[in-house]
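[1] pasting a predicted model and its sequence here:
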Amino acid sequence: MKKLSLLFSLFALAISSYAQEISQVNISGGTTLTSIALLTDREVLIRISEDGKVLEWGVELQSVRNSNYYAPKLQPYMGRIEYYGQEYDSVFKGKLRSVGSAVITYYGMSETEQKRGKIRSIGSLLLDYYSFFDNKAIQGKLSAIGGTVIGYYTSFDDRVLIGKLKTVGTTTLTYYSSFDDKFIRGKIKSIGPVSYNWYTSLESQYGGGLKSGSYRQRIGGVTYIIQ
């Protein structure tokens, strides 16, 4: 019986840990962070914005013909979904409360403007945000998801970099600067050790398109998706 209890405890811990994972980072046009996805139980993704809003949730649909292609929009989750009712704090009302076993909480009215109404936790994973005391370009943006620090370029950086995603934990993202070709300014140059090259105005037929580097690349345990 003790062995059975131990196995059950380990299984519960594994489920809890599994639900505490940054799974994806989506970057639109190779320039702008559109969402960070957290993986919960049963392969369910919850995509959130950099300012702490739930964008969508569901399961990725993989192409039968191309194993590296997935539908941009998640397929609906058919399990249990709950929302906060009228009896809760006004900033909670109508917001998503749970997806399967993943419970979502939000910062209440008593919090600062940079946090109020934003996601506070998903499961046991706590989220934090840059405050009024931080650089104006990053105030209110995600600063941490659990133990993973999220960083951005500030107003002290090149003008085309301001506000862009800079770090996810130990992974650094770099971009082409304002001095580069007009078709590639502000686009991803590297994510960790992986480089990205884009067609320039000298190759006008493909100008701005990705020349080398995968649209979907797993780096440092996170899948980066260039859309």
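    Perfect, thanks for sending it.
[2] CA atoms for contacts and neighbours, from now on please.
    OK.
[3] so how many other residues sit close to the residue nearest to Thr200 when sequence neighbours are not counted?
    Spatial nearest neighbour of Thr200, chain neighbours left out: Gly207 (4.9 Å); criterion: CA to CA, 6 or more residues apart in numbering. Here the number of neighbours of Gly207 (other CA atoms under 10 Å) works out to 17.
[4] what about Gly207, distance to Val160?
    18 Å (CA to CA, to the nearest Å).
[5] bridged to the residue nearest the centre of the chain, which residues?
    Residue closest to the average C-alpha location in the chain (CA atoms, centre = their mean): Ile36, at 0.8 Å. For Ile36, the beta-bridge partners are Val25, Ile48 (DSSP bridges).
[6] show me what contacts it?
    Ile22, Ser23, Gln24, Val25, Asn26, Arg47, Ile48, Ser49, Glu50 (CA atoms under 8 Å, 6 or more residues apart in numbering).
[7] return the distance of Ile46 relative to Arg120.
    To Arg120, Ile46 is 14 Å away according to CA to CA.
[8] which one's more surrounded, those two?
    Neighbour comparison, Ile46 and Arg120: the larger count goes to Ile46, with 24 against 21 (by other CA under 10 Å).
[9] contacting residues for that one?
    Ala37, Leu38, Leu39, Thr40, Val54, Leu55, Glu56, Trp57, Gly58.
[10] the second one against Arg47, yeah?
    What it means is Leu38. Yes: counting by CA atoms under 8 Å, Leu38 sits close enough to Arg47 to count as a contact (6.4 Å).
[11] what's the closest non-adjacent residue to Leu125?
    Nearest to Leu125 is Gly146, by CA to CA, 6+ apart, at 5.1 Å.
[12] go on, Asp51?
    Lys141 (4.8 Å).
[13] just Gly140 next, same as before
    Gln114 (4.5 Å).
[14] re the thing from before, contacting residues for the residue nearest to Asp51?
    Applying CA under 8 Å, 6+ apart, we find Lys141 in contact with Glu50, Asp51, Gly52, Gln114, Tyr129, Tyr130.
[15] check which helix or strand covers Val64.
    Using DSSP states H and E, Val64 maps to neither a helix nor a strand.
[16] can you get me a residue count around it?
    By other CA under 10 Å, the residues close to Val64 number 9.
[17] how far away is it from Tyr70?
    9 Å.
[18] what of Gly117?
    31 Å.
[19] who's more crowded, those two?
    Gly117 (23 against 14).
[20] ok, that one touching Gly94?
    No: counting by CA under 8 Å, Gly117 does not reach Gly94; the two are 11.6 Å apart.
[21] list phi and psi for the residue nearest to Leu126 when sequence neighbours are not counted.
    Excluding the flanking residues, the one nearest Leu126 by CA to CA, 6+ apart is Gly146, at 5.0 Å. For Gly146, the backbone dihedrals (degrees, to the nearest 10) come out as phi 60, psi -130.
[22] my read: Gly146 touches Gly123, true?
    No: under the contact definition of CA under 8 Å, Gly146 does not touch Gly123, with a separation of 10.5 Å.
[23] about what we covered before: make a markdown table out of the contacts of Lys141 and add secondary structure.
    Listed next are the contacts of Lys141 as a markdown table, based on DSSP: H, G, I helix; E, B strand; the rest coil:
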| residue | secondary structure |
| --- | --- |
| Glu50 | coil |
| Asp51 | coil |
| Gly52 | coil |
| Gln114 | coil |
| Tyr129 | strand |
| Tyr130 | coil |
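[24] make JSON lines out of those and add distance to Ala137, neighbour count and pLDDT.
    Output for the contacts of Lys141, formatted as JSON lines (distance: CA to CA, whole Å; neighbours: other CA atoms under 10 Å; pLDDT from 0 to 100):
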{"residue": "Glu50", "distance to Ala137": "13", "neighbour count": "19", "pLDDT": "97"}
{"residue": "Asp51", "distance to Ala137": "12", "neighbour count": "19", "pLDDT": "97"}
{"residue": "Gly52", "distance to Ala137": "16", "neighbour count": "25", "pLDDT": "97"}
{"residue": "Gln114", "distance to Ala137": "12", "neighbour count": "19", "pLDDT": "95"}
{"residue": "Tyr129", "distance to Ala137": "13", "neighbour count": "23", "pLDDT": "98"}
{"residue": "Tyr130", "distance to Ala137": "10", "neighbour count": "21", "pLDDT": "98"}
